[in-house]
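J.: the following comprises the amino acid sequence and a computationally predicted model.
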Amino acid sequence: MSAKHSALSPTYTRWILEAVGRTFASEPRATCGDCAMCQPPLTSLDRSFSPSLKCCTYWPDLPNFMVGRALLAGGEGARRLRDQIDNRIGLTPFGLQSSPAYHRRYEAQPGKFGMDVDMRCPYYDDGDCTIWQNRNSICQTYFCRVEDGVPGKAIWHQLTLLLALIEEKLSVDCATRRLTHPSFYTAAFQPHGVRNRVTARNFPGWIEENGRIGDELHAQLWGDWSGREVAFFEACAADVEGLSWTEVLTRVGQEADVLARRLRSMVSLSPPSYLRPARPGLALEFDERPDGVAYTSVHGSLEVYLAPQELWNALLDFEGGPLTTEGLALPDRILPLSEVVTLWKTGLLMEGRPTSDRLIEPEDLFRVVPELPVHERILFSEAGQASVQLGFGVTQITFDEPDLLNFGRSLYTHRLGFLASEAPSWSGRSWERSVELLESLLAMGLLERM
Ligand code: SF4
Ligand code: SF4
């Protein structure tokens with residue numbers, strides 16, 4: 001695969017080629033020029049985006065070296081970035097961030113992605129991205145249609161994690177190489193050394209709703225570089241240009257190497273040795289039709305798949321089993337390997353383990369998968385019935401049974417870690433029924449063991 005067809009910017013392509021031994025091409029069915037998601041929905045399960053927005057209802061944070069590269073590239077993108085810098089919107093030595101007002105609106109309406117014109121990215125211009133070569137890791141690795149389905153999406157997600165880590169660490173490295181004044185370290189870092197995201201929550205009163213950084217905070221952050229922010233960003237760009245992967249690792253730490261090795265282990269797309277049906281109920285949403293069951297994957301993919309009804313029924317009766325050279329033994333048939341791979345890619349089968357390995361014990365520790373941004377919303381029906389909606393990335397779960405309202409809220413509160421033995425007290429349900437709930441969340445890839 002030539003780097004010419006890479007989905008990533010030239011610098012990222014070079015690093016990933018060195019780190020993983022291959023490049024990653026754009027997804028052919030994500031036809032961005034003629035957006036695949038901007039067609040009218042064909043079924044009740046299909047989602048579509050507004051043609052004037054596509055998937056660009058997202059304001060990406062840009063690391064300092066990317067801002068510098070985009071400024072040096074010139075054109076409309078550079079003009080918009082200069083504007084943002086002049087107005088100090090989300091402006092810090094680490095790069096450019098979105099505004100608190102935007103962030104809050106984004107979190108408040110997870111289901112409106114691709115539809116809310118007020119959420120249009122500030123770098124989007126009439127169907128085009130003005131900073132295309134220098135958009136951030138999330139924009140570079142997002143595809144609405146993925147040839148290899150769920151495991152293919154997992155590979156893109158792993159690439160996002162790796163590049164986002166590099167952006168985070170390298171932007172801190174670039175900033176600290178240039179800034180030596182003490183007030184920068186006081187304002188920009190927590191006592192234990194973690195970067196302080198410059199948000200309204202961390203700096204109440206110092207940042208305006210539109211993201212403008214107040215004079216005092218700006219002076220603390222920038223010191224002698226105040227007024228020379230464009231030059232600062234361009235110097236950061238020059239700093240990372242030409243780095244080899246080994247040099248990147250020296251600057252960002254070995255964690256990036258771990259993520260790269262894990263990515264390397266995923267690209268063979270070998271089906272797992274033990275598979276079980278996706279839970280709960282095989283799909284996120286489904287529709288039984290004369291030609292089969294249309295469904296969307298529990299992983300929250302935007303794609304709608306179709307499965308024969310009898311195969312669907314057989315999977316509902318299936319507990320899981322090992323993949324052998326003959327295939328996978330369902331209760332009523334042996335599924336050959338090629339069909340197993342198809343079901344795995346379309347999200348009906350997922351990696352599992354024998355039941356004895358999966359037993360949840362009261363002392364087991366769980367947490368919400370840390371990479372998933374979690375949102376909580378309390379909703380009321382017209383009849384005044386409350387429900388708790390949790391968004392885990394693109395997956396949404398609604399807890400509307402009365403005894404599950406508190407379960408949903410408690411799960412959100414304890415998303416960083418909890419003991420399995422706590423779960424029954426959240427709902428009043430028995431231990432066995434609480435285990436079923438936890439297993440469902442595990443099966444959906446929303447929880448993980450700690
Ligand atoms: S990735 Fe975005 S712009 Fe490209 S086809 Fe999909 S929704 Fe449209
Ligand atoms: S930076 Fe470009 S690709 Fe990313 S959301 Fe904005 S316009 Fe879309």
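T.: Alright, I've got the coordinates. Ligands and ions are numbered 1, 2, ... in the order given.
J.: so, in contact with ligand 1 or not, stretch 392-412?
T.: No - using C-beta under 6 Å from any ligand atom as the criterion, no contacts between stretch 392-412 and ligand 1 are found, and the smallest distance is 12.4 Å. Placement of C-beta: from N, CA and C, glycine included.
J.: please identify the buried residues of that stretch?
T.: Residues 392-395, 397, 399, 404-405, 407-412 are the ones in stretch 392-412 that count as buried (16 or more other C-beta atoms under 10 Å).
J.: likewise stretch 27-37?
T.: For stretch 27-37, the buried set under the neighbour-count rule, 16+ other C-beta under 10 Å, comprises 27, 30, 32, 35-37.
J.: and of the buried residues of stretch 392-412, the nearest to residue 246?
T.: Here the nearest of those to residue 246, counting by C-beta to C-beta, is residue 393; it sits at 32.3 Å.
J.: just the buried residues of stretch 392-412 now: which is nearest ligand 1?
T.: Taking C-beta to the nearest ligand atom as the measure, ligand 1 sits nearest to residue 394 out of these, at 12.4 Å.
J.: spatially nearest residue to residue 113, not counting backbone neighbours?
T.: Sequence neighbours aside, residue 57 is the residue nearest to residue 113 in space, at 5.7 Å (criterion: C-beta to C-beta, 6 or more residues apart in numbering).
J.: and the one you found, how far is that from ligand 1?
T.: Counting by C-beta to the nearest ligand atom, to the nearest Å, the gap from residue 57 to ligand 1 is 10 Å.
J.: got it, and residue 257?
T.: For residue 257, the distance to ligand 1 under the criterion C-beta to the nearest ligand atom works out to 29 Å.
J.: could you report the neighbour count for that residue?
T.: A total of 16 residues lie near residue 257 under the criterion other C-beta atoms under 10 Å.
J.: and residue 205, by the same measure?
T.: 9.
J.: which bits of this structure sit near ligand 1?
T.: When proximity is defined by C-beta under 6 Å from any ligand atom, the chain lies next to ligand 1 at 30-32, 35-37, 49, 54-55, 142-144.
J.: so which elements touch the helix or strand where residue 248 lies?
T.: With the criterion set as DSSP states H and E, the secondary-structure element containing residue 248 is helix 245-252. For helix 245-252, the elements it packs on are helix 10-20, helix 149-178, helix 255-266, judged by 3 or more C-beta pairs under 8 Å, 6 or more residues apart in numbering; DSSP states H and E.
J.: after the shortest one, which helix or strand is next?
T.: What that stands for is helix 10-20. For helix 10-20, the following helix or strand on the C-terminal side (DSSP H and E) is strand 62-63.
J.: strand partners of that next one, parallel vs antiparallel please.
T.: strand 95-96 (antiparallel) (DSSP bridges).
J.: residues in contact with the strand it pairs with?
T.: Contacts with strand 95-96, where a contact means C-beta atoms under 8 Å, 6 or more residues apart in numbering, come from 61-64, 66-67, 81, 84-85, 89-90, 171, 233.
J.: same thing with stretch 167-187?
T.: Counting by C-beta under 8 Å, 6+ apart, stretch 167-187 makes contact with 63-66, 93-95, 136-137, 188, 195-196, 217, 219-225, 232, 235-236, 239-240, 248, 251-253, 256, all of which sit outside it.
J.: from those, which would you call buried?
T.: In those, the ones that pass as buried (16+ other C-beta under 10 Å) are 63-66, 93-95, 136-137, 188, 195, 217, 220-222, 225, 232, 235-236, 239-240, 248, 251-252, 256.
J.: quick one: mean pLDDT for stretch 173-185?
T.: When pLDDT is averaged along stretch 173-185, the result is 96.
J.: start to end distance for it?
T.: The distance separating the two terminal residues of stretch 173-185, taken as C-alpha to C-alpha, to the nearest Å, comes to 13 Å.
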